[in-house]
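Asks: Please find the sequence and the predicted model below.
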Amino acid sequence: MELCGWGRYLAPLYTFGASVPGVYLPDLDNAGCILFWGYNPSVARLAHATSTAAAVARGARLIVVDPRKAGLAAKADHWLRVRPGTDAALALSLIHVMIENGWYDADFVRDWTNADDQVGGRAVWELLASRCADFPPEVTAEITGVSAADTVAAARMLWENRPDGASFSGEFFEFDHTACYPKPTRWVPIHIGGHSRAAARRAGRLGDGFQPLGLVGSELADLVALMRAEATRFGRDPDALELSLGHLVAKVDLGRAEKLAAMGADRVVLALPPTADLHEVCDLLSACAARLALTP
């Protein structure tokens, strides 16, 4: 979190295309390490102060950059007492340490920042690394008043306490250190897919809903009834379980949507045709939204 609203809004906007706050909000509830730079939420935003205190209590690490030991700085793992007016030198030094030690997510930098953009024939990442190389922590200690050891320790803490995400390796899917940003504002419902009685029972026992595949009429009604009966048997509220039904994004319209609703659908999963063209996908979704009267 940054010193000023303009920086907080524009720096992320220019770096990876979305503002903070605005599009994204700081995920204090799930953060592994929190950095407050010239920001004292104890007087500026109490909701952030209470969320940070709760995060620290569950084990999150806290770094505070501030000339004064005010507010949460007293609880920080590292309080970087920067000399007023030298924040830029400290920031460049932290970046230098992280680049030099490989303490950054190269895939994220490549895919979600302007690192590969060219300025004057040189990549932004190259320009950044070159500029930061002029500010090793031993040099900036004389400028900022923050010791080289504290600068390195803070950079290490940021890296070692990053959210690790989730990893999975199965027969059909595999992913490593996957995370979701921004975080959902509520839990993500799990709808069990399948067309068998076992799938319906599994949805009743474990899921938030059921997505039967290719079933209509009495077959669909029988499996939905089985799901709700199984939920009751395991002490769950059968009426809380939802039903997801599918349709083709290129063909669904208001009439077909009304038929799906009459079949009991709480959600509709729209299938896209096989394409790698993002513009085509956007056009299909826009046309679908127009047919369903979802656009003004």
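Replies: Received it, and whenever you're ready, just let me know what you need.

Asks: A261 belongs to a helix?
Replies: Yes - under DSSP: H, G, I helix; E, B strand; the rest coil, A261 falls within a helix.

Asks: Any figure for the gap between A250 and F36?
Replies: Using C-beta to C-beta, to the nearest Å, one gets 49 Å for the distance from A250 to F36. No exception for glycine: its C-beta is placed from N, CA and C like everyone else's.

Asks: Could you check which of the two has the larger neighbour count?
Replies: The neighbour count for A250 versus F36, taken as other C-beta atoms under 10 Å, is higher for F36 (24 against 13).

Asks: Now do the same for the more buried one: helix, strand or coil?
Replies: The three-state label given to F36 by three-state DSSP is strand.

Asks: how about it, what does it touch?
Replies: By C-beta atoms under 8 Å, 6 or more residues apart in numbering, the contact list for F36 reads 1, 52, 62-66, 72-73, 76.

Asks: most surrounded residue in the residues you listed?
Replies: With neighbours defined as other C-beta under 10 Å, the most crowded of these is V64; it has 27 neighbours.

Asks: My read is that A18 contacts P12, right?
Replies: Yes - A18 is within contact range of P12, at 6.2 Å (criterion: C-beta atoms under 8 Å).

Asks: of those two, who's got more company?
Replies: More crowded of A18 and P12, by other C-beta under 10 Å: P12, with 19 against 13.

Asks: before we move on, which element is that one in?
Replies: In the assignment (DSSP states H and E), P12 maps to helix 5-16.

Asks: Would you mind checking the average pLDDT for that helix?
Replies: Averaging pLDDT along helix 5-16 gives 70.

Asks: ok but E230 is inside a helix, no?
Replies: Yes - judged by three-state DSSP, E230 forms part of a helix.

Asks: Return the distance of A200 relative to R228.
Replies: According to C-beta to C-beta, A200 and R228 sit 9 Å apart.

Asks: what's the answer for E219, then?
Replies: Counting by C-beta to C-beta, the gap from E219 to R228 is 16 Å.

Asks: More neighbours: those two, which one.
Replies: Higher neighbour count among E219 and R228: R228, with 21 against 12, using other C-beta under 10 Å.

Asks: Show the contacting residues for the more buried one.
Replies: For R228, the contact set (C-beta under 8 Å, 6+ apart) comprises 204, 238-239, 241.
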